[in-house]
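Chemist: Next come a sequence and a model predicted from it.
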Amino acid sequence: MKKLFISQPMRGKTDEEILAERADAVQSARDALGEEVEVIDSFFGTSDMSHALEYLGESLKLLARADIAYFAPGWNEARGCKIEHVCAEEYGIHHIDA
């Protein structure tokens, strides 16, 4: 079973919207891989985004453990997602771009 990291824009979204999008990402990854995935929990909640750079650092640690990364719609317009995408490419982590 592959470990899945999900990268998604979160600014302006509720926790419920983010979690629903994550469920869609998991299904898309399952469909693309043809197998179940183990989701790496990289959602820290949106209650305090004053430490966004710290959260990005934690996300990169989690990305390092992934076999595959899923980049949700709008990833290419979110600064953290763009950084995660570059890291996935540069470090050879297979990725799916929605």
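Modeler: Okay, I see it. Residues are numbered from 1 along each chain as shown.
Chemist: what about the closest residue to residue 2 other than its chain neighbours, neighbour count?
Modeler: Excluding its sequence neighbours, the residue lying closest to residue 2 (CB to CB, 6 or more residues apart in numbering) is residue 67, at 4.0 Å. C-beta coordinates here come from the backbone N, C-alpha and C atoms, glycine included. Using other CB atoms under 10 Å, residue 67 has 15 neighbouring residues.
Chemist: Touching, residue 67 and residue 93? I think so.
Modeler: Yes. In this structure residue 67 lies within contact range of residue 93 using CB atoms under 8 Å: 7.5 Å.
Chemist: if we can go back for a sec, give me the distance between the residue nearest to residue 2 and residue 26.
Modeler: Counting by CB to CB, to the nearest Å, the gap from residue 67 to residue 26 is 14 Å.
Chemist: any common contacting residues for the two?
Modeler: Residues touching both residue 67 and residue 26 (CB atoms under 8 Å, 6 or more residues apart in numbering) are residue 4.
Chemist: Tell me which helix or strand comes right after the helix or strand of the chain with the lowest mean pLDDT.
Modeler: Lowest on mean pLDDT, DSSP states H and E among the helices and strands of the chain sits helix 52-63, with a mean of 91. Counting by DSSP states H and E, the next helix or strand C-terminal to helix 52-63 is strand 68-71.
Chemist: can you give me the strands in the chain?
Modeler: With DSSP state E as the criterion, the chain has strands at 2-7, 37-39, 68-71, 94-97.
Chemist: could I have the least confident helix or strand of the chain exported to CSV, CA atoms only?
Modeler: Extracted in CSV, the C-alpha atoms of helix 52-63 (Å, rounded to 0.1, in the frame of the first residue of the first chain):
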residue,chain,number,x,y,z
ALA,A,52,1.9,29.2,7.8
LEU,A,53,5.6,28.9,7.1
GLU,A,54,6.0,26.6,10.1
TYR,A,55,3.1,24.4,8.8
LEU,A,56,4.8,24.3,5.4
GLY,A,57,8.0,23.0,7.1
GLU,A,58,6.0,20.3,8.8
SER,A,59,4.2,19.4,5.5
LEU,A,60,7.6,19.0,3.8
LYS,A,61,8.6,16.5,6.5
LEU,A,62,5.5,14.5,5.8
LEU,A,63,6.0,14.8,2.1
